[in-house]
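In: Quick one: sequence plus predicted model below, questions after.
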Amino acid sequence: MHDIKKKRAYEESEKADGYRILVDRLWPRGIKKEDLHHDLWAKEIAPSSEIRKEFNHEPDKFKQFRTDYLNELTENDEADDFIETVNEELKDQNVTLLYAAKDTENNHAVVLKEWLDQQVDQ
C-alpha cells in the first residue's frame, strides 16, 4: 500500500509525491495554475470559509478548528467521492495533499490526512 503525504504547495514536486491533490479552497498566492503540478483541486473538501476565518491560523485555536473541520468532513456530501478517489490512487502510487499554509503543524491538511488515514482501505 502507498502512503498519504502532505506538502506545502510551494515546495518542488517530486516523483515520490504520486497523485497530487490541492486541498485548499483558495488558489495558493503567487503560484500560476500552470506552475502547480497537481492532478486534482479538491476545494470542496477544504474547510468552510467560516471556520477557516475563525481559526485564522492561530495555534491556540487549532483544537477547536480541528473539531469543527472533522464535523464538516463528516457532513460533506463530497467526502465519499473524495475517499474513493484517494483509495483508487493509493493502489498505484502515493497521494500527496497540497496546501498553502505556512504553519506545517496547525493546518487543515494535518486534520484531513488524519481523517483520511482512518477512512481509506489500508
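Out: Received it, and whenever you're ready, just let me know what you need.

In: Can you tell me how far the residue in the chain sticking out farthest from the centre is from Asn106?
Out: Note on the chain: the largest C-alpha distance from the chain mean falls to Asp60, namely 20.7 Å (CA atoms, centre = their mean). Separation of Asp60 from Asn106 (CB to CB, to the nearest Å): 9 Å. Bear in mind the C-beta positions are built from the backbone N, C-alpha and C, glycine included.

In: how about Lys43, what does it touch?
Out: Contacts for Lys43 (CB atoms under 8 Å, 6 or more residues apart in numbering) come out as 22-26.

In: Farthest-apart pair in these, please.
Out: The largest distance within the contacts of Lys43, taken as CB to CB, falls between Val23 and Leu26 and amounts to 11.1 Å.

In: Just want to know which of the two has more residues nearby.
Out: Val23 (27 against 11; other CB atoms under 10 Å).

In: Could you find the closest non-adjacent residue to that one?
Out: Leu97 (4.9 Å; CB to CB, 6 or more residues apart in numbering).

In: so that neighbour makes contact with Lys6?
Out: Yes - counting by CB atoms under 8 Å, Leu97 does reach Lys6; the two are 4.5 Å apart.

In: hey, what's in contact with both of the two?
Out: What both Leu97 and Lys6 touch, as defined by CB under 8 Å, 6+ apart, is the set 109, 112-113.

In: Strands of this protein, start to end?
Out: 4-8, 19-22, 40-41, 95-99 (DSSP state E).

In: Mind putting those strands into TSV with mean pLDDT?
Out: Below are the strands of the chain laid out as TSV (pLDDT from 0 to 100):
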stretch	mean pLDDT
strand 4-8	98
strand 19-22	98
strand 40-41	98
strand 95-99	98
